[in-house]
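3D model of this:
(2 chains)
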Amino acid sequence: MTTAPAQHPALPERPTLDGLEEKWGAVWQQQGTYAFDRERALTLPREQIFAIDTPPPTASGSLHMGHVFSFTHTDCMARYKRMLGHEVFYPIGWDDNGLPTEKRVQNYYGVRGDATLPYVENFEPPHRGTATSTKSAHEVPISRANFLELCEERTVEDEKSFESLFRRLGLSFDWQQTYRTIDDFSRATCQWAFIRNVQRGEAYQSEAPGLWDVTFQTAVAQAELEARDYPGHYHRVAFHAEDGPLHIETTRPELIPSVVALIAHPDDERYAARFGTTVTSPLFGVEIPVVAHPAAEMDKGAGIAMCCTFGDLTDVLWWRELQLPTRSLITRTGRMHHENPEWLVGTPGEQLYAEQIAGKTAYGAREAIVALLRESGDLDGEPTPTQRKANFYERGEKPLEIVTTRQWYIRNGGRDAALNAELVARGDEIAFHPAFMRSRYANWVAGLNGDWLVSRQRFFGPTIPVWYPLDEDGEPLWDNYILPTEEMLPIDPMADAPPGYTEDQRGKPGGFVGDPDVFDTWATSSLTPQIALGWRRDDELFGHLFPMDLRPQAHDIIRTWLFATVVRAHWEHGTIPWTDAAISGFILDPDRKKMSKSKGNVVTPEDILKEHSTDAVRYWAASGRLGTDAAYDVGQMKVGRRLAIKLLNATKFALSFGEVEAFGEVEGDLRAAVTEPLDLAMLAGLREVVEKATAGFESWDYTRSLEITEAFFWTFCDDYLELVKDRAYGGQGEGPAASARAALRLGLDVLLRLLAPIQPYTTEEVWSWWHEGSIHRASWPTAEELPEGGDATMLASVGAALAAVRKAKSEAKVGMRSEITALTLTGPHAALEQIRAAADDLRAAGRITAEPQYAAGEAIAAADVELIPAEKRAG
RNA sequence: GGAUGUGUAGCUCAGUUGGUUAGAGCGUUCGCUUCACACGCGAGAGGUCAGGGGUUCGAGUCCCUUCACAUCCA
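All right, here's what the predicted structure looks like:
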């Protein structure tokens, strides 16, 4: 029930948006306005809780308008749910681990992690943000532990700038519900979830050819790949057979020493006679078979390809399906093996390899081999330039190599059709907003071709909690791996000894070694629901709130973050991790280009917020629908700013007419004071607005809700407020004045609450002028709280009559103060009746001094207007 | 090449199960110091709904097709 306080509202002389962020930000923080009430949540039925799996920003990453955009979307929903009375669980975490942080630390401090170095006490890095060179030669190698200390230092600092932005943006997080993906609890959660996967057979280790980044020297997963055009040259090279040369075309002649087969398409007539025969490789003289496989592309190059284990993923396919030998040449550093490969022993190529190839980079080896081919006459013609698609690590600059390594994998349906179908079905259980984003998910899952590789040969991340016993010769017994117990977590197998061993047995025959790797960053962030809700730490809360309600995120990481989270929840809990996924689009610059640092078109969000005010920027963000890319549009921010200022001024004006009680009989219930048909008409229109605005939020369309409310608010200001202001001042007596004042208050009370999720600062400021408590803890408006009995079309009719009067003055090019001494209003009969019923309001607003004439007509219009131009004021 | 989305006023975008003359804001033009707001108010101009074909009494909306753009995956 809306009640008017006894004292006159304290209205500011000249309301302003300036300073509202500081003023209300401090109040919200101090009063815990957005605090999550765990005890209340546990007593509520699940459907009255709204739990959000907030995206933890990469602390070392840059702040950009995309953060402002998507976080505002989620915050609008969170605020709506909170006003509905839901207990909102809205945590904020920081994604610290991973390569972005390592790169930032390397550049910021001028250091490089080196696992072979010992820890140095009180290490002082050469730079703190002052490094001028990013060349690795200028980086100081430091121990893993020292490196981790610097990662820790840097991320804590970087988090502060995010916090500052998020607070100014007015995000209604509970800042007590925070986590860092590198903190002890997150690491323990990550390790324990993995151990459970291992124990149930959902994770396994395998020695297999995999994608490898030679720059970062780490394995890379399918989800981190990026196919890019990469310039190369086709080299037409002759292989030798008894009946003459067989030419192939290759972009990677340096791999000729490791060729294991020549492969053509089974339907390719040109090579049909060759299948089953052998040829010898040029220079090296290794005998290899010519075989058929449908993956050979007939129209590419010569139509016959050399298979090297391994040059690319097709080689891996052939190697697996045709059971070809493994002849690995490229090492983890990207250089050719130093030792002579055993398959070259005794061939003409043995000496050649040792002298010309061993230890060279792939590029150097290529140059050498091309020169040798030219010399031997096996190079046919000159190399011709070509563009090929090569796989890159998304953060890397060199094409990935394929290297055989021992790694850990989590099963994700990439090698198991039944599991794949189950995971696709999980996607069907989740409501995507917008719904078409489910296709992204389904396409990705269906297209997987391998399990999820989680080992990374990096530093800053939860360690893989596994030890391997060593046999009497000091060789690891991989399959007898040792896992820690739950109480030990988090552990570092490179620093902690496994159960039953002591540290001095590390690396000794009969002792143990630790797995040196860390987890893929998604292996931790795929557990954000578990981390945020305190799985294993607060099982009561976790049990009640999991699965959560909402995962908000951008569409580019559906294949990574969203999918990985689904995989982990599927294995550990047998459920989806949340019921809804809200997918935000990207921010494009005005030229419709994606904004990015490399394009130099980024703007600094905090500056934008200060320049336009938070509520203005939030208005822009809330004007972008889920799933739709949005333009960075200063114009929209200005519109939002105008709306906010209008809220200030209109509310001040509406309250300034005086208290409703002054006219007696009201007894606090404003609804009883609303008696005039025009006032009831306005409120009837608002009842419809409340229903539509609520329906908008319910269908995750906060933009629709905003549009509906905003449009009504402008009509409220331009037409209704103009029509009733004379009456509200008392121009028609006390009862009609009370009706207008009460209707204005009721209307604004509802309008402010409808806009509160979008413009939290302005609505809070205005609300405070005549209410106790935060608007953000007030209840979401309902149609029922407004009086019935009005006819919403009446305001439209009277408003149209007012517009007709204004048009007459505008066309006469006179001021709106000009007096109208005669006019005829035309329109449909019903509309004229409505206008007649509000004739006094219309005459006051239009300065119509004569009694208007009424005449039937099609549209509402003013005719036969006589007016006296207002005297122009001096100055 | 595949998937998904988009194409409506100069710009940014709405347009519900198909239903009068296709809407809003910005910008633009003209006018107005009107006792909340000049960060304001009022009025006007501005569209072959990407092209073509079809279904229908009726299509921006449904179907087919072509084109363009974007994103993701090959």
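
Tally up the residues packed near the spatially closest residue to A:Pro56 that is not a sequence neighbour, please.
Computed as CB to CB, 6 or more residues apart in numbering, the closest residue to A:Pro56 that is not its neighbour in sequence is A:Gly93, at 3.6 Å. C-beta: built from backbone N, CA, C; applies to glycine. For A:Gly93, the tally of surrounding residues (other CB atoms under 10 Å) stands at 24.

Could you grab the helix/strand/coil label for A:Gly93?
Of the three states, A:Gly93 takes strand under DSSP: H, G, I helix; E, B strand; the rest coil.

which ones are touching it?
By CB atoms under 8 Å, 6 or more residues apart in numbering, the contact list for A:Gly93 reads A:54, A:56, A:178-181, A:528, A:531-532.

do the same with A:Pro476
By CB under 8 Å, 6+ apart, the contact set of A:Pro476 is A:468-470, A:513.

Including pLDDT, neighbour count and distance to A:Gly846, could those residues go into CSV?
Listed next are those as CSV, based on pLDDT from 0 to 100; neighbours: other CB atoms under 10 Å; distance: CB to CB, whole Å:
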residue, pLDDT, neighbour count, distance to A:Gly846
A:Tyr468, 96, 20, 89
A:Pro469, 97, 20, 94
A:Leu470, 94, 20, 96
A:Val513, 94, 19, 90
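
Quick check, A:Leu117 in contact with A:Ile142.
Yes. If you go by CB atoms under 8 Å, A:Leu117 and A:Ile142 touch, sitting 6.4 Å apart.

so what's A:Asn869 closest to, chain neighbours aside?
Check again: residue A:869 is Pro, not Asn. Excluding its sequence neighbours, the residue lying closest to A:Pro869 (CB to CB, 6+ apart) is A:Val814, at 4.2 Å.

Please identify which of A:Leu117 and A:Ile142 sits among more neighbours.
Neighbours per residue, other CB under 10 Å: of A:Leu117 and A:Ile142, the larger number sits with A:Ile142, 23 against 15.

right, and the secondary structure at the residue of the stretch 101-250 of chain A found nearest RNA strand B would be what?
As assessed by CB to the nearest atom of the strand, RNA strand B sits closest to A:Ala227 within the stretch 101-250 of chain A, at 5.0 Å. Classification of A:Ala227 by three-state DSSP places it in strand.

Low-confidence stretches in chain A?
Within chain A, the stretches with pLDDT under 70 are A:1-9, A:131-137, A:589-602, A:660-668, A:871-875.

Following the record's annotation, map out the domains of it.
Domain assignment for chain A, taken from automatic domain parsing, gives A:218-401, A:631-790, A:807-868.

Next, format the ones you listed as JSON lines and append mean neighbour count.
Shown next, in JSON lines, are the domains of chain A (neighbours: other CB atoms under 10 Å):
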{"stretch": "domain A:218-401", "mean neighbour count": "18"}
{"stretch": "domain A:631-790", "mean neighbour count": "20"}
{"stretch": "domain A:807-868", "mean neighbour count": "17"}
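
on that earlier part again, among the contacts of A:Gly93, name the buried ones.
Neighbour counting by 16 or more other CB atoms under 10 Å classes A:54, A:56, A:178-181, A:528, A:531-532 among the contacts of A:Gly93 as buried.

Take those and keep only those in helices.
Those of the buried ones among the contacts of A:Gly93 mapping onto helices are A:528, A:531-532, per DSSP state H.

Please verify my assumption that A:Pro757 contacts A:Arg79.
Yes. Here A:Pro757 reaches A:Arg79: they are 3.7 Å apart, a contact under CB under 8 Å.

quick one: A:Asp580 is in a strand?
Yes. A:Asp580: assigned to a strand according to three-state DSSP.

now it: how far from A:Arg426?
From A:Asp580 over to A:Arg426 the distance is 14 Å, taken as CB to CB, to the nearest Å.

just A:Arg753 next, same as before
Distance, A:Arg753 to A:Arg426, by CB to CB: 37 Å.

can you check A:Gly170 too?
A:Gly170 sits 34 Å away from A:Arg426, going by CB to CB.

More neighbours: which of the two?
Counted by other CB under 10 Å, A:Gly170 and A:Arg426 do not tie: A:Gly170 has more neighbours, with 26 against 20.

What does that one show for phi and psi?
Main-chain torsions, A:Gly170, degrees, to the nearest 10: phi 80, psi 20.

List the contacts of it.
Shown in contact with A:Gly170 (CB under 8 Å, 6+ apart): A:21, A:24-25, A:75, A:614-615, A:618, A:760-761.

ok, now with 10 Å
If you count contacts by CB atoms under 10 Å, 6 or more residues apart in numbering, A:Gly170 has them with A:20-21, A:24-25, A:28, A:34, A:71-72, A:75, A:79, A:609, A:614-615, A:617-618, A:759-761, A:764, A:776.

cool, and A:Glu688?
A:708, A:712, A:783, A:792.

Please apply the same query to A:Pro282.
Neighbour list for A:Pro282: A:237-240, A:245, A:253, A:256, A:259, A:348-349, A:369, A:372-373, A:376-379 [criterion: CB under 10 Å, 6+ apart].

Let's see which of those residues end up in strands.
Per DSSP state E, strands hold the following members of the contacts of A:Pro282: A:237-240, A:245, A:259.

ok, of the residues you listed, which one's closest to A:Ala850?
Distance to A:Ala850, by CB to CB, is smallest for A:Val237 among the ones in strands among the contacts of A:Pro282, at 100.6 Å.

Closest one of the contacts of A:Glu688 to A:Lys646?
Nearest to A:Lys646, judged by CB to CB, of those is A:Phe712 at 12.6 Å.

Mind jotting down where the strands sit in the stretch 101-250 of chain A?
A:111-113, A:140-142, A:178-180, A:203-213, A:218-219, A:225-241, A:244-250 (DSSP state E, counting those that start in this stretch).

whoops, I mixed them up, the stretch 301-450 of chain A
Listed in chain order, the strands of the stretch 301-450 of chain A (DSSP E, counting those that start in this stretch) span A:304-308, A:384-393, A:401-410, A:431-433.
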